[in-house]
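give the three-dimensional model of this entry:
(4 chains)
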Number of protein chains: 2
Amino acid sequence: MLETITRMKTADARDRLLESARKSESEKRGRKASKEVRQLQLIEATIDSLAKRGYSETTMADVADGAGLSRGIVNFHFESKEKLLIATLQHMYDEYSTHWRNALQKAGDDPAQQLQALVAADFDRSICNKRKLAAWCAFWGEAKSRPTYQALSSARDAVYQTIFIDLCATLKQSGDYAYEPQVMALALSAMLEGLWLRLMMGTEDTTRETALQSANEFLSAAFPKHYPWKAAGATKP
Amino acid sequence: MLETITRMKTADARDRLLESARKSESEKRGRKASKEVRQLQLIEATIDSLAKRGYSETTMADVADGAGLSRGIVNFHFESKEKLLIATLQHMYDEYSTHWRNALQKAGDDPAQQLQALVAADFDRSICNKRKLAAWCAFWGEAKSRPTYQALSSARDAVYQTIFIDLCATLKQSGDYAYEPQVMALALSAMLEGLWLRLMMGTEDTTRETALQSANEFLSAAFPKHYPWKAAGATKP
DNA sequence: CACCATTTGTTGAACATTCATTCAATATGG
DNA sequence: CCATATTGAATGAATGTTCAACAAATGGTG
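Residues are numbered from 1 along each chain as shown, chains lettered A, B, ... in the order given. This is a model prediction of the structure:
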């Protein structure tokens, strides 16, 4: 099931395309552009629409308008609305996946630093912003009733979860903790998703910084020997 | 903003109505029923439809069919589709709210037991089942783009959050912990919501029991003096 | 109790609107 | 000039809403 999903372009290639899709409003209007650039442009417009109007109010017309193109264009590049939405979800999934893999790779060999890097990656601006979070949530709302979405709708997939469990297990050994790795990993990743949900609801009292702070507080509580209390503001009122 | 929301029937009165709405298929068909019973019947059918087909595919016809009534009936009892959905959301909000308040009241005076009671209440069968979770998530997906939903769409409201913060503060004093109550409370409630999300996605590897176990593991990690490690399976492989 | 009037609930067809999709015509680049 | 991309109007299906007709309860009256 995952083999069709895990195929993804390199981050470099995607960024180059994205750049082309975004820059030069003057150039894209009316002018031809490569197939991939146009598709990315439409996908970005879809994310915009999902964020602004929600899933149920996202229309082909709105996507086309948002991209500054004509009505019929979406059915030309994507066969149908459903396929456009699937491509959009796949795009976000790939982006998220690439992002945490990069963060993990840059974190070095220390498990504690790796785990913290994964957590921090979740709240990076490029991934964690109102627009993208709203789009994610739009898909979540439809995922249960649409089998096609189910595999992709949880950004944090089975591989991600396995890595979390492994990290928790490693830290448990080196820190002599009492928890069950699998159980703690579930609590941790659920909290990350829950914080996303809070950020998306956007009640203004929760910001990206606050959320990250909460996540780190969780790490300090669960792995006190690896993440000693300090920056958290201590006991000062 | 909250004064219109907090008005809610007593749990007793609501349960009685629900009972009437559910029982005796023979009686409700074609026969007249009190206004309130019929409205509850339609709300239940709406939740069914949301859970089965998702927000965007929930139609008035499907709701009417689900309730075994005719097409035009919904516009008679609720003025429009939008008002039906708002009433449905309000119903779920009231139900959730009543539920945790009851759980809190039954928990006695010990803060540690109160907190655990609130956590456990989240995973009670009556609140936490596929049908209801799916309906919640359907609304989450639309909440950001619909101001009317925003106040109601987060089951755990400001009052709930304040209580969480207070409990965390109290436990901090009695246990001499290092965390910041506000930050820890956010982590905790976010994790609860995240676990709901996981349960709703329903990948079968997460059950109500597993989720509750994770939540309790969190409590043991954050408040070790109040929730000592024991039932968690210890270090046995 | 019988009768009728009124209110209230219910039905299902008709209507209007929105929207995804199609496609013939047109424009563009190679 | 050919292949490809793009346009925008036409089409048809889905769906929320309206409403006239009908049915059931209610209540008053003799």
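
contacts only, for A:M184.
Applying C-beta atoms under 8 Å, 6 or more residues apart in numbering or on different chains, we find A:M184 in contact with A:168, A:222, B:214, B:217, B:221. In this view, the C-beta of every residue, glycine as well, is placed from N, C-alpha and C.

go again with 10 Å.
By C-beta atoms under 10 Å, 6 or more residues apart in numbering or on different chains, the contact set of A:M184 is A:164-165, A:167-169, A:171-172, A:177-178, A:218, A:222-223, B:214, B:217-218, B:220-221, B:232.

what about the residue nearest to A:A155 when sequence neighbours are not counted, how many neighbours?
Residue nearest to A:A155 in three dimensions, not counting chain neighbours: A:Y96, with 4.3 Å by C-beta to C-beta, 6 or more residues apart in numbering or on different chains. By other C-beta atoms under 10 Å in any protein chain shown, the residues close to A:Y96 number 21.

state the helix or strand in which A:Y96 lies.
A:Y96 belongs to helix A:81-106 when assigned by DSSP states H and E.

what is the least confident helix or strand in chain A?
Sorting the helices and strands of chain A by mean pLDDT, DSSP states H and E puts helix A:25-28 at the bottom, at a mean of 40.

the next helix or strand after that helix vs helix A:81-106, what angle?
Next in sequence after helix A:25-28, counting helices and strands by DSSP H and E, comes helix A:35-53. If you take axes from the mean of the first three to the mean of the last three C-alpha atoms, to 10 degrees, helix A:35-53 sits at 100 degrees to helix A:81-106.

report the buried residues of stretch A:144-160.
A:144-146, A:149-157, A:160 (16 or more other C-beta atoms under 10 Å in any protein chain shown).

just how off-centre is it within its chain?
12 Å (C-alpha atoms, centre = their mean, to the nearest Å).

how about stretch A:50-64?
With C-alpha atoms, centre = their mean, you get 20 Å for stretch A:50-64.

is it in proximity to chain B?
Yes - Stretch A:50-64 is in contact with chain B by C-beta under 10 Å from any C-beta of the partner chain, via A:50-58.

thought B:E142 was touching A:C137, still the case?
Yes - using C-beta atoms under 10 Å, A:C137 makes contact with B:E142 at a distance of 9.0 Å.

so what sits against both of these two?
By C-beta under 10 Å, 6+ apart, the residues touching both A:C137 and B:E142 are A:54-55.

so how far is DNA strand D from the most centrally placed residue in chain A?
Chain A has A:Y96 as the residue nearest its centroid, 4.1 Å off, counting by C-alpha atoms, centre = their mean. According to C-beta to the nearest atom of the strand, to the nearest Å, A:Y96 and DNA strand D sit 27 Å apart.

can you check A:L84 too?
Distance from A:L84 to DNA strand D, by C-beta to the nearest atom of the strand: 14 Å.

residues contacting that residue?
A:39, A:42-43, A:45-46, A:58, A:60, A:63, A:74-75, A:77-78.

can you give me the helices in chain A?
A:3-6, A:11-22, A:25-28, A:35-53, A:60-67, A:73-77, A:81-106, A:111-122, A:130-143, A:147-153, A:158-175, A:181-201, A:208-222 (DSSP state H).

show the average pLDDT along the fourth one.
If I follow you right, that is helix A:35-53. Per-region confidence: helix A:35-53 scores 96 on mean pLDDT.

list the buried residues for it?
A:36-53.

repeat for the fifth one
Judged by neighbour count using 16+ other C-beta under 10 Å, the buried positions of helix A:60-67 are A:60, A:62-64, A:66-67.

let's have those residues in TSV, adding pLDDT and distance to B:W196.
Formatted as TSV, these follow (pLDDT from 0 to 100; distance: C-beta to C-beta, whole Å):
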residue	pLDDT	distance to B:W196
A:M60	98	32
A:D62	98	30
A:V63	98	31
A:A64	98	36
A:G66	97	32
A:A67	97	35
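
dump the residues you listed to CSV, plus distance to DNA strand D.
Output for those, formatted as CSV (distance: C-beta to the nearest atom of the strand, whole Å):
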residue, distance to DNA strand D
A:M60, 9
A:D62, 14
A:V63, 12
A:A64, 7
A:G66, 12
A:A67, 8
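
stretch A:139-146 - what's its average pLDDT?
94.

go on, stretch A:202-222?
93.

point out where chain A drops to low pLDDT.
Low-confidence segments of chain A (pLDDT under 70): A:1-33, A:231-237.

which residues are in contact with the closest residue to DNA strand D within chain A?
Here the residue of chain A nearest DNA strand D is A:G72; by C-beta to the nearest atom of the strand that distance is 2.0 Å. The neighbours of A:G72, taking C-beta under 10 Å, 6+ apart as the test, are A:60, A:64.

and it, how far from B:V63?
Distance, A:G72 to B:V63, by C-beta to C-beta, to the nearest Å: 34 Å.

up against DNA strand C, what does chain A have?
A:30-32, A:57-61, A:71-72, A:74-76, A:79-82 (C-beta under 7 Å from any atom of the strand).

how many other residues sit next to the closest residue in space to A:E142 that isn't next to it in sequence?
Nearest non-adjacent residue to A:E142, counting by C-beta to C-beta, 6+ apart: B:G54, 4.6 Å away. B:G54 is flanked by 23 other residues according to other C-beta under 10 Å.

next one: A:H91 from chain B, what distance?
For A:H91, the distance to chain B equals 18 Å [C-beta to the nearest C-beta, to the nearest Å].

what's the spacing between the closest residue to that residue other than its chain neighbours and chain B?
Among residues not flanking A:H91 along the chain, A:I43 sits closest, at 5.1 Å (C-beta to C-beta, 6+ apart). Going from A:I43 to chain B by C-beta to the nearest C-beta gives 19 Å.

got it, and A:A221?
Distance from A:A221 to chain B, by C-beta to the nearest C-beta: 4 Å.

cool, A:I163 as well?
Counting by C-beta to the nearest C-beta - A:I163 and chain B are separated by 16 Å.

who touches that residue in this structure?
A:100-101, A:104, A:114-115, A:118, A:156, A:185.

thinking again about what came up before, could I get the helices of chain A as a markdown table with distance to B:R208?
Shown next, in a markdown table, are the helices of chain A (distance: least, C-beta to C-beta, whole Å):
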| stretch | distance to B:R208 |
| --- | --- |
| helix A:3-6 | 28 |
| helix A:11-22 | 38 |
| helix A:25-28 | 50 |
| helix A:35-53 | 30 |
| helix A:60-67 | 39 |
| helix A:73-77 | 41 |
| helix A:81-106 | 27 |
| helix A:111-122 | 25 |
| helix A:130-143 | 19 |
| helix A:147-153 | 19 |
| helix A:158-175 | 18 |
| helix A:181-201 | 13 |
| helix A:208-222 | 22 |
